[in-house]
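Participant: Predicted model follows, preceded by the sequence.
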Amino acid sequence: MSIEVTDLPSDPKCDFCSQRPVVMYYPADDYMFVAVSEERVIEQPSEGGWTACRLCSVLVDAEDYPTLAWRAVEYQGGMPEDTALGRMVRDFMLAWFEGFRDHRRGAGVKLP
Ligand SMILES: [Zn+2]
């Protein structure tokens, strides 16, 4: 069985932490992520597979989503971990990544 790696941008970023370069591609089904808070409802579609940098791919393979979420807060948000806002963003990223976990299709594919 061959796995298609489709629709990657020419210089893809890690879908977890936004760093480059990426080394792995994880096939996944499309899904709609919905987060509900007191103030609002956030809907974020995920289309196709996810790419990961070397460090994130180690965490994905270990299914260490809490550490992936902290890494995302650090690199994407650039905010200190130990604040109410940092923890809120961490919880959001963790829920988003758990959506990926639930829609993943099989093992990762090494990228050239
Ligand atoms: Zn990464």
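Facilitator: Done, it's in.
Participant: how about the longest helix along the chain: buried residues?
Facilitator: Determined from DSSP state H, the single longest helix within the chain is helix 84-103. Buried residues in helix 84-103, counted by 16 or more other CB atoms under 10 Å: Gly86, Val89, Arg90, Phe92, Met93, Leu94, Trp96, Phe97, Gly99, Phe100, His103. Using the backbone N, CA and C atoms, a C-beta is placed for each residue, glycine as well.
Participant: Quick check: Gly99 touching Glu43?
Facilitator: No. Gly99 is beyond contact range of Glu43, at 11.6 Å (criterion: CB atoms under 8 Å).
Participant: hey, what's in contact with both of the two?
Facilitator: The contact sets of Gly99 and Glu43 overlap at Phe33 (CB atoms under 8 Å, 6 or more residues apart in numbering).
Participant: circling back to that earlier point, check which element follows the longest helix of the chain along the chain.
Facilitator: With elements assigned by DSSP states H and E, the helix or strand that comes after helix 84-103 is strand 109-110.
Participant: what residues does that following strand touch?
Facilitator: Residues from elsewhere that reach strand 109-110, judged by CB under 8 Å, 6+ apart: Ile3, Val5, Val23, Met24, Tyr25, Tyr26, Pro27.
Participant: neighbour-wise, which of those leads?
Facilitator: Using other CB atoms under 10 Å as the neighbour test, those are led by Tyr26, with 25 neighbours.
Participant: Do I have it right that it meets His103?
Facilitator: No. Using CB under 8 Å, Tyr26 makes no contact with His103, being 9.9 Å away.
Participant: Doesn't Cys56 lie inside a helix?
Facilitator: Yes. Counting by DSSP: H, G, I helix; E, B strand; the rest coil, Cys56 is found in a helix.
Participant: hang on, it packs against Cys14?
Facilitator: Yes. Between Cys56 and Cys14 a contact is recorded at 5.3 Å, counting by CB under 8 Å.
Participant: Would you mind telling me which of the two has more residues around it?
Facilitator: Cys56 (28 against 24).
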